[in-house]
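>>> just a sequence and a predicted model for now, questions to come.
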Amino acid sequence: MSEPRYPFVHLEVATDDVELATDRFWELGAAGVEERDESTMNGSSGPGRTLLVASFADEESAQSVAAEVGGEVQVIVGDAWRDAWKEHFQITPIGDRLLLRPSWREVPADAGERIVLTIDPGGAFGSGLHESTRLVLRVIEETVKGGEAILDVGCGSGILAVAALLLGAERAYGVDVEDNAVPTTLENAENNGVADRIGASTDDVRTVDGAWDLVLANIQAPILIDLAEPIMARVAPQGTLVLSGILAGQEDEVAAAFQPMTSVVTADGEWRAITLRHG
Ligand SMILES: C[S@@+](CC[C@H](N)C(=O)[O-])C[C@H]1O[C@@H](n2cnc3c(N)ncnc32)[C@H](O)[C@@H]1O
């Protein structure tokens, strides 16, 4: 049997133009867009430049997009590359109380007082390496006191919901538009011993019932703005909402869409999270 082929379009842009160029890739049907710059393992050609690597379903689409944007097609053959990143994912403390452990690393002999959060993101987003995830994990640590009901919108690997359960929340429910987020969330819950307190589905957030003590949504700013009404409606009167996946400069527009909730912004590098409460 022949090896699978994965086509990518490579396009280097000025870092200031990343958002514009990324939006263009999404419009042209990219399945994913990765940013490589000086802060990543495989960088760009130099300061102020970012290499965008956009994946496409087939080589024909990749060729036509490359011709349109002036990029270059590279085809990776075989699956080995998919796991290469795992080598660089280490056991890492998060905030004051969590110790994030990739499932393929040994359980640390001495985690001290920290609660070990074991995660394998599989094909879903949510390894815990990304700033947008870490920002939310820190707010969860500060907010969860015990007994809360958690709604995780865009659950990906389930990392946020599972962390909240480990920290004492009573139950959690995750929703995502991606099918593979559901089994991945349930597997991660199982590996952390909290499977009996979590559910997950691809239901639209608009159809989820109830008022939740803590609602988490680490999605992109335009999607958060679009979903502002249904997300706010699911936050209990005394509850807390945490929004993430927001780039510096987007926080005012996102907070405005969630008025009259009051907001506090936290930052990690170029990423922002907003913690909101009913006025
Ligand atoms: C940045 S990832 C966050 C994953 C994980 N919660 C974390 O914090 O690491 C965003 C997730 O939102 C999902 N998503 C995108 N649009 C959505 C929508 N309209 N409703 C629910 N989930 C959505 C994506 O499939 C993806 O899994």
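Ah, there it is.

>>> against residue 3, how distant is residue 81?
11 Å (CB to CB, to the nearest Å). Every C-beta, even on glycine, is put in place using the N, C-alpha and C of the backbone.

>>> what's the next secondary structure element after the helix or strand containing residue 10?
In this assignment (DSSP states H and E), residue 10 forms part of strand 5-14. Following strand 5-14 in sequence order, the next helix or strand is helix 18-27 (DSSP H and E).

>>> neighbouring strands - and their directions - for the next helix or strand after that next one?
Under the assignment DSSP H and E, the closest C-terminal helix or strand after helix 18-27 is strand 32-36. Using DSSP bridges, strand 32-36 pairs in its sheet with strand 49-55 (antiparallel).

>>> what angle sits between the partner strand and strand 5-14?
Here strand 49-55 runs at an angle of 160 degrees relative to strand 5-14 (axes from the mean of the first three to the mean of the last three CA atoms, to 10 degrees).

>>> for the helix or strand just after strand 49-55, packing partners?
Next in sequence after strand 49-55, counting helices and strands by DSSP H and E, comes helix 59-69. Under the contact criterion of 3 or more CB pairs under 8 Å, 6 or more residues apart in numbering; DSSP states H and E, helix 59-69 touches strand 5-14, helix 18-27, strand 72-77.

>>> for helix 59-69, C-alpha coordinates in CSV please.
Extracted C-alpha coordinates of helix 59-69, given in CSV (Å, rounded to 0.1, in the frame of the first residue of the first chain):
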residue,chain,number,x,y,z
GLU,A,59,-2.4,18.4,-3.9
GLU,A,60,-4.6,20.0,-6.6
SER,A,61,-6.1,22.4,-4.1
ALA,A,62,-2.7,23.2,-2.7
GLN,A,63,-1.3,23.9,-6.1
SER,A,64,-4.1,26.3,-7.1
VAL,A,65,-3.9,28.1,-3.7
ALA,A,66,-0.1,28.4,-4.0
ALA,A,67,-0.4,29.9,-7.5
GLU,A,68,-3.0,32.4,-6.1
VAL,A,69,-1.0,33.6,-3.0
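
>>> which of the residues in it are buried?
Buried residues in helix 59-69, counted by 16 or more other CB atoms under 10 Å: 61, 62, 65, 66, 69.

>>> what of stretch 233-253?
234-236, 239-247, 250-251.

>>> residue 103: how many residues sit nearby?
Using other CB atoms under 10 Å, residue 103 has 16 other residues around it.

>>> for it, give me its contacts.
Neighbour list for residue 103: 118, 119, 120, 191 [criterion: CB atoms under 8 Å, 6 or more residues apart in numbering].

>>> returning to what we had before: let me have the buried residues of helix 59-69 in TSV, extended by distance to residue 39 and pLDDT.
Shown next, in TSV, are the buried residues of helix 59-69 (distance: CB to CB, whole Å; pLDDT from 0 to 100):
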residue	distance to residue 39	pLDDT
61	29	95
62	26	96
65	26	97
66	25	97
69	23	96
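
>>> what's the closest of those to the ligand?
Distance to the ligand across the buried residues of helix 59-69 (CB to the nearest ligand atom) is lowest for residue 61, with 20.5 Å.

>>> neighbours around the residue nearest to residue 195 when sequence neighbours are not counted, how many?
In this structure, residue 195 finds its nearest non-sequential neighbour in residue 189, 4.4 Å apart by CB to CB, 6 or more residues apart in numbering. Neighbourhood size, residue 189 [other CB under 10 Å]: 23.

>>> which bits of this protein sit near the ligand?
By the rule CB under 6 Å from any ligand atom, the part of the chain lying against the ligand is 124-126, 132-133, 136, 153-156, 159-160, 175-178, 181, 205, 218-219, 223, 245.

>>> appreciated, that's everything.
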